[in-house]
Structures are given as C-alpha cells and as structure tokens.
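Q: Okay, structure incoming, though there's no sequence with it:
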C-alpha cells in the first residue's frame, strides 16, 4: 500500500521524445506521461508510413490512422488534467483523486499501445511477421480505448470547470445537464471486450476481470431461461465457451447486460459465492475458527438509561410515567385497523387530539414519541407495500421458517402495529439502569461433532457449525440476524463450533462488521473470506450484521438494523465473549457507508460512540452527484456505471431522501467534528475513490480525527479477493493495521 498514484512509463523510449513535448509539460509532475504520448505519436506515424499502400496490411493502416488521431487529441486534454489533478489531493503525501485515476488510465493505455507499436516496428520487416494477428488485436482494441478516453478526459476537464476546488463533487443541475447527457452517451464497448482492465498492470487482476465478465454474460443468458438457480448456473457453465473464445462477443453482451441491469439479476449474480460449490472456499483458504454462529437478535425496545430505543425510530424516546405508557398502548391498539398510510394519518390525528387528557407535563414527551413512532410505522408499511407490489418472496437458506412468507399489505400493517403495541406492553419488563437487557439473542449450541443435520437447501447442505434455526414464531421483521466469529472460544460465547482450544477469558475488544454488496446482495457468509483471518490476526470477537437488503428493504432499514445491532452488542457484550472496553465498527463498500452512518447516529442519539471507524473503499455519497472518479465507472470492470446507479436507486427507494445517515458526505461540520476517529482505506482505481477523499477532507476541515490511505493500482472490492496477488494481500494487511490502531487503548472509553 502506498500513498501516491503510480504513473507507468516506457523506460528509455521517453528519451526519444521531442524537446518541445517535454517543455509543454514542464509545469506538471506528469512530464513523463507527456513524453510517452509524444513517443507513441512518433511510432504510430512511422508504422503508418511503412504500411501505407500495402494491401495485405489495410487493417494496420486503419488502426494507425485511428491511433494518430487519438494521440493528437489526447495530448492537450491530458496536459490540462495533469495540471489540475494535484489541486484535489487530500494532502501533499496522500495523492489520489478521480482526476489522477483518469490520468492513470490514459498512461496505462498509452504504455500498452507503445509496447505494441515498438514490437510492430521491430518485426514488420520479418518474412512472416508472425505476431501480426496478436498485435493487430491489441492495436485495434486499445486504440479504440484511447479514443474513448479522449471523451472521458474532456468530460473530466469540463467537470472541473463546474466544481469549486478542492470539492470533487458537482451536484446535478441545469448547468451540468449537458455534461450528464455526454456521460450517458459514452458507451465504452472497447473497455468491456479485449481491452477489459486495461488500466491495471497485474495479470491476476486482468484474469479476474475476464472471469467475472465471462460469468456475468453467460449467467445473463441463462437468467431469464430458467427459474432454478441450479439450472441457471449449469446452463451458464455449458454456454460460457463462446464468451471465453470471443472477447468481442463478450464485450457486446456485457454492454447489453449493463444497458439496463435489474436489481434482482445483480443480487442473484453477486450472491453466487453463497452457493454450495463456492461457499466452501473460506473454509479451505482461511483459518478454522472456534465459533461461527448465526444469532437472531429480537427487534425489541432497548432502554438506554432513562430513554428507550425503539426499532426503526430515529431518536430515543422518553416514557416518563406509567400513565403515558398506557395512553400509547391504547392509542396504537386503535390503529390496528389502519391498513394504509392514509388511515394511519387519520388515526394519529385523533390520538393527538386526545393528548389533552394527559397531565400537562406528560404531553410534550408523549407527543414527541407519537410523532417518531408514526414515522417508523409509516415507513414499515411502505416497505411492506413495496414488497407486495414487487411480488417478492423472501427466502434464506439459514432461516428455515417452515414455509416462505408472502405478506399482504393488510397483514403487514397489522403486524407492524401489533409489534409496536407489544413493545409498549412489555416496557415494564425491560431493564432499568444498571440491569441487564431482556433482548437476548436466540441461538442453538450444537457442537460441530454433533450428528444432528442442518436443514437442506437448494444451494447445498450447511454444516451444524454454521446454521442456527430461527424460532418458527419469529416473523422476519422482529429480529436482526448477525454472525459471531471468534478464533478462540471465550467465556460467555455460544458453545464452540469446533474443538480447537480451551475456553479463554473474555476479550477486551469487539469488532462490529457490516458487509458490502451494493446494499442489494452478499452477507456475512460471503465475507468470511477475510473475517476468519481477522478473527485470528486480531484475537477479538467479530459480530457481522446481516442487514435487510434493497430493493425489498430500502433506506433506512439497513441503517436502523445495523445501529440496533451495535447498541445490542454493547448491552450484551458478555454473551459475545468480550468486555467491550474497545469497540470498532468496520465495513467495506456499502458496509463502509453503514459504518460511518452508525457512528453519526451514535452522535445524534447520544449513545456510546465506537472507539474508531475503519471504512474500506466506502460509498459515502449515495446520490447522483458527479465526480471525476465516477467517470471511471464508464470503463470499470467491477463497478460499471449502470450497476452502480442500479444499487443507488434500489437503496434510496422511490422517495428522494436527504440525510447524513443515507449519504454521510452530507453531514454537517458539527456532526463530523464529533465523530470518533475514522480511518479510510481507498483504492486508486475505484469509482468510489472521490467519496473517501472528499469525506476525509471535510472531516479534517471540521476538526475531526481522520486518516486516509490510497492504495495504488487497486480496484474496488479487493478484500473479497485477498488471496489473489500482492496488492490484495497488502490491502488486507492494511486493514489489520488500521483495526489494531482502532482497538489500541490510547483514548478514553466512552459510556452508554
């Protein structure tokens, strides 16, 4: 991991560049790139002159004509980018932003074309010119990429004209409408065929990208033909050869898939690692852990001192007297027949009118409680309404509830109001200050050696060490699902999954983890590929939250569940094998967003903040703002523009929301200043890079404690490929370093 973005060069070839080219770039730190562009231009003109008039090499003539034109256009716009990019860096030592990412792409494309042109010049006089076909393919594909990069670079320069440095984001407006139209019209076919991953240098990354694209294109062919995941997967494997053999056909199909990616398709494809065949990989490649248990946390009220944290309600509610409790219970009992948001509005108005029957000193807090609960109930009913309209049946291979639950709007509304009523009727049973919470997790404690079989699923058979049955009487809306992973068994934890070592004393640390997956896919299981190693290397229990996924559960459901799980973990630390003296929140991608959002909500709620937040390549701007790094999604092989926007639409939902809990980049300086230390690991070649750079700058300017690391030549999602190459291994090592820093007892521990 490094703090700067590397610019590739072509060694001593630059020495042949004209002096004028070097002088024109003299004010830029990217002078070598300017010289390389000049070298490429000279080589292209020389080869074009050689092949001119030779009928056998008409393709070479066309390719070099295209390349010469692209070089002439790329030079001036690249110089503009090179001069403005440093203005957007986080600091003089941490150099990284979307403008630099575009420059890296140009540099890598120029380098690849230069290598091909040099070989072409050296071999063209040979009697057989044996490498002609391979060189031709490289020249054609990468010349097309360079032409597309001319468009991207020009858009980036125009984006700078609309921005206010050092701010990297420009909100969509009438002024940016024309720019948006140009972005929408830019379809880089060349970057999804033979040129896939052109801006990366590691061969293992290129092989990974090609494999993912082959899988996505072949799976897309099978997706609409079959309903069964098994048949879809088998069909994809059997028909994948055409995309293996033809990069052009693969690129065309990728553009078709990306033209209108459905959330359901994205979710299904990204969840393939959870299938029986692939889910065994963490067990084969990662350390065995003593505890790997799924827990179900009842979504019941938690009392925080004299206040009450209610599921789905932002802001703890104060219930001062039994009389107020009785009033609220009776009020919501009358709302049981309210099946729609409109009916709830009418019922709430009647309830508010009756507040005068309460003592004056109770009216204000009860009114506040009613408003918050009304908001939460309305959101829940809208979520269930959306689910019913989409006709989505939920299924979970680790939640054998007996049958699939298809909830109608009416029963969903009754269930919500019943849940609220039941919550208030049990307030007297909740803990008082100094007492234990009654919201304990449900779990089973079979040992891995048990002969009891886990329920079978369509995706294979899970082992008793990993599966915990959810009680049949628990509706899905009444619990939050989490996974506890611990390398050593510790006092208070569920029975050991494997017999490895003796039971140790509770750890003084706890890691609360939120997985990535664009808010629409993945789970704690898919992220075991690095969670198991964390458990071993850090020696602390890890609680990974399987929050509800969009589009079935849009914002704020996932954020509510993550915050609720965090507070529950603090209150029930002993059952997790920790004293929770040091608590760190961490997550990657969408999980990075939720990590920062939960920390912000801790500030808003006034509960104990985590001792640190570790966010890996987080999505911190959830909206449709423009930034130079977002432009790289036009050619990014892992996070293409249309898939990124599909995930955003799914999570935001049908209603426009402006909230720092949705988009932490919108947090006020006052909120940012009060956050715990935030350590961010960003990737230099990631469409979300600017999210990290901009958030870190704003938090630093607000007076908060923040650090930013930018990893060179790394794409989005590297932790899920931690065993791939040195870069991914370095990224994993950096997260361990940051987590250790966050868990170090060098700052006072807060109180709940």
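A: Cool, the structure landed. Quick caveat, the model's predicted, so the values are computed rather than measured.
Q: does residue 26 sit in a helix, a strand or a coil?
A: coil (DSSP: H, G, I helix; E, B strand; the rest coil).
Q: Now do the strands in this protein.
A: 291-298, 302-304, 307-309, 456-457, 460-461, 479-486, 507-514, 542-546, 578-588, 612-616, 678-683, 706-711 (DSSP state E).
Q: hey, which of the ones you listed is tucked in deepest?
A: Sort the strands of the chain by mean neighbour count, taking mean count of other C-beta atoms under 10 Å, and strand 612-616 sits at the top with a mean of 29. Where C-beta positions appear, they are placed from N, C-alpha and C, glycine not excepted.
Q: helices and strands around it, which ones?
A: strand 578-588, helix 590-605, strand 678-683, helix 726-743 (3 or more C-beta pairs under 8 Å, 6 or more residues apart in numbering; DSSP states H and E).
Q: Quick check: which of those is nearest to residue 617?
A: Smallest distance to residue 617 across the helices and strands packed on strand 612-616 (C-beta to C-beta): 5.1 Å, for strand 678-683.
Q: Give me the mean pLDDT for the closest one.
A: For strand 678-683, the per-residue pLDDT values average out at 98.
Q: Would you mind measuring from residue 639 to residue 488?
A: 36 Å (C-beta to C-beta, to the nearest Å).
Q: quick revisit: now the strands of the chain as TSV including distance to residue 283?
A: As requested, these are arranged in TSV below (distance: least, C-beta to C-beta, whole Å):
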stretch	distance to residue 283
strand 291-298	9
strand 302-304	34
strand 307-309	36
strand 456-457	17
strand 460-461	13
strand 479-486	12
strand 507-514	19
strand 542-546	16
strand 578-588	21
strand 612-616	23
strand 678-683	26
strand 706-711	28
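Q: Of those, which is nearest residue 30?
A: Across the strands of the chain, the minimum distance to residue 30, taken as C-beta to C-beta, is reached by strand 706-711, at 16.7 Å.
Q: Now do that closest one: distance to the chain's middle.
A: Taking C-alpha atoms, centre = their mean, to the nearest Å, the mean C-alpha location of strand 706-711 is offset from the chain mean by 17 Å.
Q: what's the average pLDDT for that strand?
A: What strand 706-711 shows for mean pLDDT is 97.
Q: Can you list the strands that that strand pairs with?
A: Counting by DSSP bridges, the strands paired with strand 706-711 are strand 678-683 (parallel).
Q: what ranges do the helices span in the stretch 551-700 of the chain?
A: Taking DSSP state H, counting those that start in this stretch, the helices of the stretch 551-700 of the chain run over residues 557-571, 590-605, 628-631, 641-652, 669-674, 689-701.
Q: May I see the ones you listed organised as CSV, with mean pLDDT added?
A: Formatted as CSV, these follow (pLDDT from 0 to 100):
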stretch, mean pLDDT
helix 557-571, 93
helix 590-605, 96
helix 628-631, 96
helix 641-652, 94
helix 669-674, 97
helix 689-701, 97
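Q: Just say which of the ones you listed is most tucked in.
A: When these are scored by mean count of other C-beta under 10 Å, the highest mean neighbour count falls to helix 628-631 (a mean of 28).
Q: Mind giving me the packing neighbours of that one?
A: Under the contact criterion of 3+ C-beta pairs under 8 Å, 6+ apart, helix 628-631 touches helix 98-123, helix 132-162, helix 689-701.
Q: who's in contact with that helix?
A: Contacts with helix 628-631, where a contact means C-beta atoms under 8 Å, 6 or more residues apart in numbering, come from 88, 97-99, 101-102, 152, 155-156, 159-160, 168, 183, 641, 644, 686-691.
Q: can we see that at 7 Å?
A: The contact list for helix 628-631 (C-beta atoms under 7 Å, 6 or more residues apart in numbering) reads 97-99, 101-102, 152, 155-156, 159, 168, 686-690.
Q: List buried residues within the residues you listed.
A: Among those, those that count as buried by neighbour count (16 or more other C-beta atoms under 10 Å) are 97-99, 101-102, 152, 155-156, 159, 168, 686-690.
Q: Out of these, which is nearest to residue 278?
A: Of the buried ones among the contacts of helix 628-631, the one sitting nearest to residue 278 (C-beta to C-beta) turns out to be residue 686, at 23.9 Å.
Q: re earlier: mind putting the helices and strands packed on helix 628-631 into CSV with distance to residue 246?
A: Shown next, in CSV, are the helices and strands packed on helix 628-631 (distance: least, C-beta to C-beta, whole Å):
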stretch, distance to residue 246
helix 98-123, 20
helix 132-162, 11
helix 689-701, 32
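Q: picking that back up, closest one to residue 302 among the helices of the stretch 551-700 of the chain?
A: Residue 302 sits nearest to helix 557-571 of all the helices of the stretch 551-700 of the chain, at 5.9 Å, using C-beta to C-beta.
Q: For that closest one, which helices and strands make contact with it?
A: Packed against helix 557-571, as judged by 3 or more C-beta pairs under 7 Å, 6 or more residues apart in numbering; DSSP states H and E, are the following elements: strand 302-304, strand 479-486, strand 507-514, strand 542-546, strand 578-588, helix 590-605.
Q: Partner strands of the third one, with direction?
A: Taking DSSP bridges as the criterion, strand 507-514 forms sheet pairs with strand 542-546 (parallel), strand 578-588 (parallel).
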